[in-house]
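Asks: Structure for the following, please:
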Amino acid sequence: MAKKERLPRSLENSGLYRLRTMGALARLLHWKKSPSALRALCSRQDNWDEFDQARPGKKPRRIQAPKPAIKALQRRLNDLLQRIDAPEYLHSGTVGRSYLTNSALHRDAEGATVTVDISDFYPSVTRKRLFVLFRTVFQCSSDVADALAGLLSCGGSLATGSPASALVAFWAAKDMFDGIAERAKRLGGRFSLYVDDITLTARTAGRGDVSFIERHVGRYGFRLARKKSRVYRAGQPREITGRVLRNGQSRAPNKQHRYMHEALSAMGPETPPAEVRSAIGRIQHVGILDDVRSQELMASARRLREKLASS
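Replies: Modelled structure (predicted):
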């Protein structure tokens, strides 16, 4: 029998809405022990493994990875959040949407494009902000809201490595993002959001929209990463969430081609399988992004996989 498709529902019809007791939260999260044990787990300070994740060409990213006991609860929480209707502009943490659908929204859009990033987005979603989210938006009781805030935060802020962080961060700032969506609507343009990447395309889009967004997010306690703000004129190539768009065509950014060529150049007869698989991943990634070379690159990745399997 085919698996029944889960239909989105309103926030008010979510299982998370108006949770009044820790017992109800324990049952909703499929917690097998007592509600008091759940409360104690959520308040622990050692629920996370912290480390720096290296990124090519960028400073390392601090990761707070949840330990198995709370990761299972966060996955269940994320599953519940995914069942709630999401605005059309949201492309992160949402089933069927991705960084590719995010940029695709602007692929054939007319006008100029503005892209901005929120600086330190997850660290700016404080434990207090999480408590307010579950207490006021989801209308949970104070003890349930406090437990959920504890489940999701590390060092006083939303953890970077939780499977629920993308959607939780969105809901914690939904009013702010809705305000930007309204501006795009007034301009007759398009707005999309991927985690903290904001993209607005409209005939009249320009520096004034960057200034508006900067003031707007500031009213909510956030700030923009100014060095990352970009305004692309109509007809100019636009890089949106990792791919370059021009005249309705998608290409991979130069840096992705460079990473691919570096991985291929380092390969030889004695290359470890893990490095070969990494190179295959680089080729496939560029193939996904590049309309012109997609078939060629996917065929190359397939040949490498076959060679690796037979070795």
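Asks: Tell me how far residue 307 lies from residue 272.
Replies: 14 Å (Cβ to Cβ, to the nearest Å). To be clear about C-beta, it is placed using only N, CA and C from the backbone, and glycine gets the same treatment.
Asks: out of these two, which sits in the busier spot?
Replies: residue 307 (11 against 8; other Cβ atoms under 10 Å).
Asks: Okay, buried residues for the host helix or strand of that one please.
Replies: Following DSSP states H and E, one finds residue 307 within helix 294-310. Judged by neighbour count using 16 or more other Cβ atoms under 10 Å, the buried positions of helix 294-310 are 294, 297, 300-301, 304.
Asks: Any chance of JSON lines for those, columns distance to residue 116?
Replies: Shown next, in JSON lines, are the buried residues of helix 294-310 (distance: Cβ to Cβ, whole Å):
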{"residue": "294", "distance to residue 116": "29"}
{"residue": "297", "distance to residue 116": "31"}
{"residue": "300", "distance to residue 116": "36"}
{"residue": "301", "distance to residue 116": "34"}
{"residue": "304", "distance to residue 116": "38"}
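Asks: average model confidence for stretch 189-197?
Replies: Averaging pLDDT along stretch 189-197 gives 97.
Asks: what distance separates it from the centre of its chain?
Replies: Computed by Cα atoms, centre = their mean, to the nearest Å, the separation of stretch 189-197 from the middle of its chain amounts to 11 Å.
Asks: go on, stretch 120-135?
Replies: Its chain's C-alpha centre lies 16 Å from the corresponding centre of stretch 120-135 when counted by Cα atoms, centre = their mean.
Asks: which residues touch it?
Replies: 16, 118, 140, 142, 144-146, 148-150, 152-153, 156-160, 165, 168-169, 171-173, 195-196, 221-223 (Cβ atoms under 8 Å, 6 or more residues apart in numbering).
Asks: Give me the spatial nearest neighbour of residue 97, chain neighbours excluded.
Replies: Spatial nearest neighbour of residue 97, excluding adjacent residues (Cβ to Cβ, 6 or more residues apart in numbering): residue 91 at 4.3 Å.
Asks: For residue 297, give me its contacts.
Replies: 283-284, 286-287, 290 are the contacts of residue 297 under Cβ under 8 Å, 6+ apart.
Asks: Filter the residues you listed down to just the buried residues.
Replies: If we count by 16+ other Cβ under 10 Å, these have these buried: 283-284, 286-287, 290.
Asks: Low-confidence stretches in the stretch 51-200 of the chain?
Replies: Where the stretch 51-200 of the chain drops to pLDDT under 70, the residues are 56-57.
Asks: Walking through it, point out its helices one by one.
Replies: Counting by DSSP state H, counting those that start in this stretch, the stretch 51-200 of the chain has helices at residues 68-82, 99-104, 121-124, 127-132, 142-152, 165-172, 174-186.
Asks: The ones you listed: which one's closest to residue 259?
Replies: helix 99-104 (16.4 Å; Cβ to Cβ).
Asks: is it possible to export the helices of the stretch 51-200 of the chain to a markdown table including distance to residue 26?
Replies: Shown next, in a markdown table, are the helices of the stretch 51-200 of the chain (distance: least, Cβ to Cβ, whole Å):
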| stretch | distance to residue 26 |
| --- | --- |
| helix 68-82 | 10 |
| helix 99-104 | 35 |
| helix 121-124 | 26 |
| helix 127-132 | 19 |
| helix 142-152 | 9 |
| helix 165-172 | 19 |
| helix 174-186 | 27 |
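Asks: ranking the ones you listed by burial, who's on top?
Replies: helix 165-172 (a mean of 24; mean count of other Cβ atoms under 10 Å).
Asks: ok now it, how far from the chain's centre?
Replies: Put simply, helix 165-172 sits 9 Å off its chain's centre (Cα atoms, centre = their mean).
Asks: which residues are in contact with that helix?
Replies: Outside helix 165-172, the residues that touch it by Cβ under 8 Å, 6+ apart are 77-78, 81-82, 86, 90, 92-94, 121-122, 125, 129-130, 133, 137, 152, 158-159, 162, 177, 193, 195-196.
Asks: What of stretch 179-197?
Replies: 87, 89-93, 99, 102-103, 105-106, 109, 111, 115-118, 121, 166, 169-170, 177, 198-205, 209, 212-213, 216, 240-241.
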